[in-house]
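In: give me the fold of what follows.
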Amino acid sequence: MTLLADRTVLVVGAAGGIGAAIVTACRLAGARVLCADLPDAAMAEADGPACAVDLKDVDDATARLTAFAAEHGPLDGIVNAAGISGRGRFPDVSTAEWRRVLDVDLVAPAQLVQALAPHLRTPGASVVNVTSIEGDAVYASAGSTGAPYAASKAGLQLATRCLAVDLGRLGVRVNAVAPGFIRTAMSAGAMERVGPWLEDQTALGRVGEPADLGGPTVFLLSDAAAYVTGHTLVVDGGMSLGLIYRGG
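Out: Next comes the predicted model:
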């Protein structure tokens, strides 16, 4: 599959479970991949140009990635796959926690697209933001809704649609993929607590693997999705379809 042949794609969050799987999928599709992640992240996935950034400092990360793109671009695609989770009972969520999660999961990807837009090859470039099905529905666990995380993902989905309009006349498409429950290091605790229930509540009868995000992301980056923009592609195995009872 060479859907991304001769294209340069920047993956932010390249060392994470989902990000690393997207890096692999883009390479298999023929892309040259630029990687970015935390300074202490395992950047073995890089195997090429890599940039150390901490999205908690949005201004510094933006400056570093702008210089990185200027050196190694122009870019044909950007994937915003970095993110952090924040859970706790709603009365206990501090202002600092709200800001921490919103800065990394919402402000940073939107600001990065804005800053890197001049380094996109136009027309034809594509942006894919990784959101979550928690941006559309409430998923509570152990008395916590994870309100900051859910709010950030809902905001990123709407920001995706706004950016699609803002960049559309340049011929740049902006879409999102919304994973359901994916087996990663970040989800390990929840998997231990409620894994069998999650599998039972998913139409396909299993939780997702990071590799399940690779194909949908490559599709949205490629010309196969040339007339798709402002769309959020749900990749959740049917988890968000509704409550499922498999009894007699």
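In: for the residue nearest the centre of the chain, grab phi and psi.
Out: Central residue of the chain (C-alpha atoms, centre = their mean): V130, 2.0 Å from the mean position. Per-residue torsions, V130: phi -90, psi 110 (degrees, to the nearest 10).
In: let me see the contact set for it.
Out: By C-beta atoms under 8 Å, 6 or more residues apart in numbering, V130 lies in contact with 13, 18-19, 79-81, 83, 176-177, 179, 213. Every residue, glycine included, has its C-beta placed from N, CA and C.
In: ok, then the element right after the worst-scoring helix or strand of the chain on mean pLDDT?
Out: Every helix and strand of the chain was ranked by mean pLDDT, DSSP states H and E. The lowest is helix 188-200, at a mean of 74. Per DSSP states H and E, the first helix or strand lying C-terminal to helix 188-200 is helix 214-221.
In: for that following helix, what is the average pLDDT?
Out: Confidence over helix 214-221 (mean pLDDT, whole number) is 98.
In: what strands line up against the helix or strand just after that helix, and which way round?
Out: Per DSSP H and E, helix 214-221 leads on to strand 232-235 as the next helix or strand towards the C-terminus. Strand pairing for strand 232-235, using DSSP bridges, gives strand 173-179 (parallel).
In: buried stuff in the partner strand?
Out: 173-179 (16 or more other C-beta atoms under 10 Å).
In: could I get the CA-only coordinates of it as CSV?
Out: Extracted as CSV, the C-alpha positions of strand 173-179 are listed here (Å, rounded to 0.1, in the frame of the first residue of the first chain):
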residue,chain,number,x,y,z
ARG,A,173,-8.1,19.1,4.8
VAL,A,174,-8.5,18.8,8.6
ASN,A,175,-10.2,15.7,10.1
ALA,A,176,-10.1,13.6,13.3
VAL,A,177,-10.1,10.0,14.4
ALA,A,178,-12.0,9.2,17.6
PRO,A,179,-10.7,6.0,19.2
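In: what angle separates it from helix 214-221?
Out: 160 degrees (axes from the mean of the first three to the mean of the last three C-alpha atoms, to 10 degrees).
In: what's next to strand 173-179, contact-wise?
Out: Strand 173-179 is contacted from outside by 18, 113, 125-133, 135-136, 153, 156-157, 160-161, 163-164, 167, 208, 212-213, 216-217, 220, 225-226, 228-236, using C-beta under 8 Å, 6+ apart.
In: buried subset of those residues?
Out: Burial by neighbour count, 16+ other C-beta under 10 Å: within these this picks out 18, 113, 125-133, 135-136, 153, 156-157, 160-161, 163-164, 167, 208, 212-213, 216-217, 220, 225, 229-236.
In: and T8, what pLDDT?
Out: 98.
In: now it. Nearest residue, chain neighbours left out?
Out: Closest residue in space to T8, ignoring its immediate chain neighbours: R32 at 4.8 Å, by C-beta to C-beta, 6 or more residues apart in numbering.
In: do L102 as well
Out: Per C-beta to C-beta, 6+ apart, closest to L102 is S152, 5.2 Å.
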